[in-house]
Every structure is written in structure tokens, then in C-alpha cells.
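> A structural model of the following input is requested.
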Amino acid sequence: MTRGVTLDVQKYDDVMSRLAAKQQLREDRAHAWADPKWFTNEYLGRPTFDKQDQIIESVKVNRRTAVKGANSSGKDYESGNIICWWEFCWDDAITIVYGPVGRQVQDIIWREARRAFQGSP
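Here you go, the predicted structure:
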């Protein structure tokens with residue numbers, strides 16, 4: 001008499017699906033860290049221009065990044081992208097955002113982060 005192991009095909013498929021999703025997430029995180037421009041443009045679907053790409057690269061390689069710019073130059077837009085990028089790349093990330101006034105942080109920068117997140121896959 002042979003003892004057989006009952007294989008629950010649905011359960012097996014679910015486990016394999018979760019494993020594949022975890023592997024894809026690891027690959028996407030590594031790609032996002034290596035190429036933040038890819039993350040913002042392709043993953044988030046939020047196009048950026050050269051200066052914004054320089055900002056996120058600076059955040060990646062420097063402990064501090066300061067951006068000098070004029071009104072409507074895309075700093076807040078890119079800040080929202082950077083928040084999403086940072087949180088995506090690190091499991092236990094904590095993002096602290098500060099600015100000259102609380103209204104600017106709450107109403108502008110976090111609004112851009114919400115827009116980036118809501119439009120992402």
C-alpha cells in the first residue's frame with residue numbers, strides 16, 4: 001500500500017504566484033535603485049526632464065541634496081517622485097520631509113507623493 005501525498009493544485013499555484021511576485025519585486029527594487037530615472041519615468045509613469053533626473057541621482061549618491069530653483073521648475077513634482085522611489089527601494093523606509101512652512105510640505109509635496117503613488121502600479 002502506497003501512501004500518496006495529495007497535492008492541492010490551487011494552493012500550489014497560489015504559492016508559486018506569490019514567490020514569482022516576490023522575485024519580481026526584488027528585481028524591480030534593484031532596478032529602481034540602480035536607475036531612479038527608470039523608476040520615475042517607467043514604473044511611476046511620471047516623465048521627468050534632465051534637471052529632475054539630476055536631483056534624484058544626487059539624492060541617491062549624496063547624504064544631502066539642496067536644489068536651487070524658481071517657481072514652477074518641478075522641484076515639488078520631483079520630491080513626490082523621490083518619496084515614492086525611496087519608499088519602494090527600502091522595506092523599512094521612513095521618509096521625513098521638511099520645508100520652510102508646514103503648509104508647503106503637507107499641501108504641496110505630500111500631494112505630489114500621493115499623485116505619484118496613486119498613478120503607479
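
> contacts and neighbour counts: CA atoms only from here.
OK.

> what about Glu57, helix or strand, and which?
Assigned by DSSP states H and E, Glu57 belongs to helix 50-61.

> elements contacting that helix?
Using 3 or more CA pairs under 8 Å, 6 or more residues apart in numbering; DSSP states H and E, the elements in contact with helix 50-61 are helix 36-38, helix 75-89.

> in it, what counts as buried?
Buried positions in helix 50-61, judged by neighbour count with 16 or more other CA atoms under 10 Å: Gln52, Asp53, Ile55, Ile56, Glu57, Lys60.

> Stretch 109-121 now?
By neighbour count with 16+ other CA under 10 Å, stretch 109-121 contains the buried residues Ile109, Trp110, Arg111, Glu112, Ala113, Arg115, Ala116, Phe117.

> how many neighbours does the nearest residue to Glu87 once chain neighbours are set aside have?
Nearest residue to Glu87, sequence neighbours excluded (CA to CA, 6 or more residues apart in numbering): Ala93, at 5.4 Å. Burial of Ala93 is recorded as 11 neighbouring residues (other CA atoms under 10 Å).

> does Ala93 really touch Trp86, like I thought?
Yes - Ala93 lies in contact with Trp86 (CA atoms under 8 Å); the separation is 7.1 Å.

> Show me where the protein dips below the pLDDT cut-off.
1-7 (pLDDT under 70).

> now with 80?
Within the chain, the ranges that satisfy pLDDT under 80 run 1-7, 69-70, 72, 121.

> Could you pull up the residues touching the nearest residue to Ile109 once chain neighbours are set aside?
Once flanking residues are discounted, Ile109 sits nearest to Asp76: 5.4 Å by CA to CA, 6+ apart. Contacts here follow CA atoms under 8 Å, 6 or more residues apart in numbering; on that basis Asp76 touches Ile108, Ile109, Glu112.

> Inside helices: which ones of the residues you listed?
Among the contacts of Asp76, the members falling in helices (DSSP state H) are Glu112.

> just the contacts of Asp76 now: which is nearest Trp38?
Taking CA to CA as the measure, Trp38 lies nearest Glu112 of those, at 18.1 Å.
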